[in-house]
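Visitor: please work out how this folds:
(one chain, ligands or ions: 10)
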Amino acid sequence: MNNLLLYLFLIIAGGFSFLFSPTGTDNKVNQQECNDCHSDLMAGEYLHPVAVNGCSLCHASTGEEHPGTDESEFKLVADYPQICYKCHDDKNSKEHVHYPVQDGYCASCHSPHSSSNKSLIHSNFSENMCTDCHYLEIEDKVSDHYPAKNGDCQDCHDPHQSDYRGVIKMEPNKLCLDCHSRAIETDNRYIPNIKATLSENNTIHDPIESGECTICHLPHAADYPRLLIGEYPTKQYTEAKVDNFEFCFLCHDSEMITADSTVYATNFRNGTQNLHYLHINGTKGRNCNLCHNAHGAPNKYIIEATVKYGNWDMPVEADFTENGGSCATGCHKKLEYSRVTE
Ligand code: HEC
Ligand code: HEC
Ligand code: HEC
Ligand code: HEC
Ligand code: HEC
Ligand code: HEC
Ligand code: HEC
Ligand code: HEC
Ligand code: HEC
Ligand code: HEC
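Guide: Residues are numbered from 1 along each chain as shown. Ligands and ions are numbered 1, 2, ... in the order given. Next up is the predicted model:
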């Protein structure tokens, strides 16, 4: 970095090509000549400032007459990537290095001279260079993620390297919560502040507490709603088929909505009467989110204190005992259940 500042200073101070002239000749004259014939290299809108007056910083004359018959009149002062690391921090030493950067051949993306793209990205790339090499299936998916669909790949990925899998810019959950630390209003929906949900509640759903958001969500697009890895209803009522709740049953026992009586499929029961089944059966099965929050909630068993019922913030007053519990909601007055069968 210090070198970079030095060169910047020298650019501003001008006259530095003399200082760096490898042969000590009056490079200013040579520079003028270089530009006479090679002006196309510096024709891009974005210039590598060191190239403007500093051909000799990277190209050393071998002393032969130029232009000549072979290509031996100049040699690069160092190989890739060292020629760039003279002034820039290294780009390929972290644990996860983006494949095209691994061999240090920076020219697969950058031009050392000038470009019509910012960040000296080669002029033959389009504006979002990532999608020139990567095709992400987003268009025909059931749900998609705005920043990925919009081509903002670098909101999440570093183009060079990272300490984290998938060359993402920060720790996985931190990355997601970087944006989901505020509520987001889209055209048709209100997405709550997930970071607040997690920090303000006592019970956090285990896969978040011990794992990553991407255990359940895909980062770009998905075949299911909410970027989930399995089917899950978005409405408050849906037919009580296992398939409709496939997502939860990737990890939990689906018998909780198929058996009207059980002693093992769930603890939400009155004696052997399955209260999950009671709430989720027939064509008007309730969504799990009428009681649970998939991320975190104030009560045990990630039971919410208020849930959205239409536009109403419906209270859920839940209480738990060793062998059961009670619940008073907008749906019904306080009702108790006990697993003890006597
Ligand atoms: C009179 C026109 C002319 C001038 C002046 C000129 N070049 Fe060139 N340059 C060419 C031509 C033609 C080629 C392609 C043929 C060749 O390689 O010699 C070329 C090729 C090159 C190459 C690639 C081939 C190699 O030898 O590595 C480099 C690098 C280069 N020039 C740098 C420079 C620099 C630096 C200057 C100023 C010191 C300069 N040129 C001045 C015409 C010119
Ligand atoms: C920061 C280092 C750097 C500076 C400064 C620089 N070049 Fe280059 N130049 C390179 C590298 C590296 C290559 C080889 C490119 C590649 O591998 O594709 C190159 C290639 C070239 C070529 C070969 C043709 C091409 O497009 O690849 C020419 C000609 C050339 N440079 C001329 C110049 C001239 C003239 C200047 C000054 C105006 C200059 N360079 C300044 C690094 C530099
Ligand atoms: C002699 C010092 C020097 C060398 C060698 C050098 N650079 Fe630079 N580079 C600079 C300076 C100075 C800047 C301008 C400061 C900045 O934008 O951070 C810069 C800026 C850049 C930028 C950012 C441009 C922007 O608009 O953000 C890229 C990309 C870059 N250099 C790539 C390279 C690559 C690739 C190489 C190797 C071929 C290289 N540099 C070699 C000094 C150098
Ligand atoms: C896969 C394409 C790709 C390759 C290969 C690549 N870069 Fe970059 N580089 C980028 C992109 C994209 C940006 C713009 C990043 C931004 O806007 O923050 C960038 C930005 C930069 C910058 C300016 C910002 C910064 O991070 O300092 C420098 C310097 C740079 N690259 C140097 C290099 C060097 C040196 C190499 C070779 C070791 C290299 N790059 C290889 C894509 C690439
Ligand atoms: C020059 C072609 C090229 C460009 C441009 C390019 N990539 Fe890649 N990228 C590759 C290749 C090749 C791989 C390795 C094969 C693969 O995983 O698809 C890769 C791998 C990846 C991976 C997987 C890394 C891992 O460790 O799992 C990510 C993420 C990625 N690229 C993101 C990006 C982003 C973001 C950009 C734009 C800044 C970008 N790529 C630009 C060629 C490219
Ligand atoms: C919201 C953050 C985010 C955005 C925006 C994003 N990605 Fe990703 N991407 C990720 C995460 C997280 C992974 C998975 C990393 C892991 O766990 O291995 C990933 C994985 C990848 C992979 C590895 C293979 C795969 O397909 O899963 C590629 C390639 C990739 N992304 C490219 C891109 C490109 C290109 C864009 C822009 C069009 C983009 N990403 C936008 C977060 C994002
Ligand atoms: C750069 C900001 C940004 C980052 C980083 C980000 N998101 Fe998002 N996310 C958004 C925005 C904006 C929306 C709302 C727009 C939309 O509908 O996609 C959204 C929506 C969502 C949705 C709802 C999608 C739907 O179809 O209803 C989920 C789920 C989601 N993000 C999960 C994640 C996960 C998991 C991560 C980490 C891998 C993450 N987000 C990282 C900006 C971000
Ligand atoms: C155990 C699986 C799981 C994990 C892990 C998980 N989520 Fe979710 N997420 C869900 C489910 C299920 C939904 C749909 C909730 C609903 O509709 O009630 C969802 C919805 C979302 C939404 C959209 C909210 C809305 O109301 O539309 C966002 C944003 C989101 N998750 C972000 C995250 C972030 C950020 C993380 C990591 C901190 C994360 N999720 C971890 C299961 C999970
Ligand atoms: C990726 C696996 C996974 C998915 C998908 C998943 N869970 Fe979980 N869930 C767990 C794990 C692991 C635990 C903690 C161990 C346990 O109690 O089974 C847990 C705990 C729970 C608990 C609390 C149990 C307790 O004893 O505190 C509830 C309630 C719950 N999950 C509901 C859901 C709902 C509703 C869905 C679907 C929206 C869902 N889970 C999706 C893995 C998952
Ligand atoms: C009417 C409210 C309600 C609905 C709807 C609901 N649950 Fe529950 N769930 C509970 C209660 C209350 C408990 C705590 C039972 C106990 O331990 O006393 C519970 C506990 C759980 C547990 C912990 C293990 C167990 O079964 O005791 C899981 C897992 C679970 N629910 C998943 C789901 C899934 C998946 C859905 C949607 C298919 C769902 N729940 C729908 C109220 C509900």
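Visitor: what about dumping the CA coordinates of stretch 135-145 to CSV?
Guide: Below are the C-alpha coordinates for stretch 135-145, written out as CSV (Å, rounded to 0.1, in the frame of the first residue of the first chain):
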residue,chain,number,x,y,z
TYR,A,135,-24.7,-18.5,-15.9
LEU,A,136,-27.0,-18.5,-12.9
GLU,A,137,-30.5,-19.9,-13.4
ILE,A,138,-32.7,-17.2,-12.0
GLU,A,139,-35.4,-16.3,-14.5
ASP,A,140,-37.7,-19.3,-14.3
LYS,A,141,-37.4,-20.0,-10.6
VAL,A,142,-40.3,-19.8,-8.1
SER,A,143,-38.3,-17.3,-5.9
ASP,A,144,-35.3,-15.2,-6.6
HIS,A,145,-33.1,-13.0,-4.6
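Visitor: tell me the strands beside the strand of greatest length in the chain, with direction?
Guide: Looking across the chain with DSSP state E, the single longest strand is strand 312-320. Strand pairing for strand 312-320, using DSSP bridges, gives strand 306-309 (antiparallel), strand 324-329 (antiparallel).
Visitor: now those in a markdown table, with distance to T283, mean neighbour count and mean pLDDT?
Guide: Backbone N, C-alpha and C define where each C-beta goes, glycine included. Output for those, formatted as a markdown table (distance: least, Cβ to Cβ, whole Å; neighbours: other Cβ atoms under 10 Å; pLDDT from 0 to 100):
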| stretch | distance to T283 | mean neighbour count | mean pLDDT |
| --- | --- | --- | --- |
| strand 306-309 | 19 | 16 | 90 |
| strand 324-329 | 22 | 18 | 96 |
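Visitor: tell me which of those strands sits nearest to ligand 4.
Guide: Comparing those against ligand 4 with Cβ to the nearest ligand atom, the closest turns out to be strand 306-309 (38.8 Å).
Visitor: what about that closest one, near ligand 10?
Guide: No: remark: strand 306-309 sits outside contact range of ligand 10, by Cβ under 6 Å from any ligand atom, the gap being at least 9.3 Å.
Visitor: tell me the spacing between E73 and P147.
Guide: Look at E73 and P147: by Cβ to Cβ, to the nearest Å, they are 48 Å apart.
Visitor: ignore the last one, M170
Guide: M170 is 14 Å from P147, where distance means Cβ to Cβ.
Visitor: quick check: residues of the stretch 201-342 of the chain near ligand 9?
Guide: Counting by Cβ under 6 Å from any ligand atom, the stretch 201-342 of the chain sits next to ligand 9 at 205-207, 215-216, 232, 247-248, 250-252, 288, 292, 294, 301-302.
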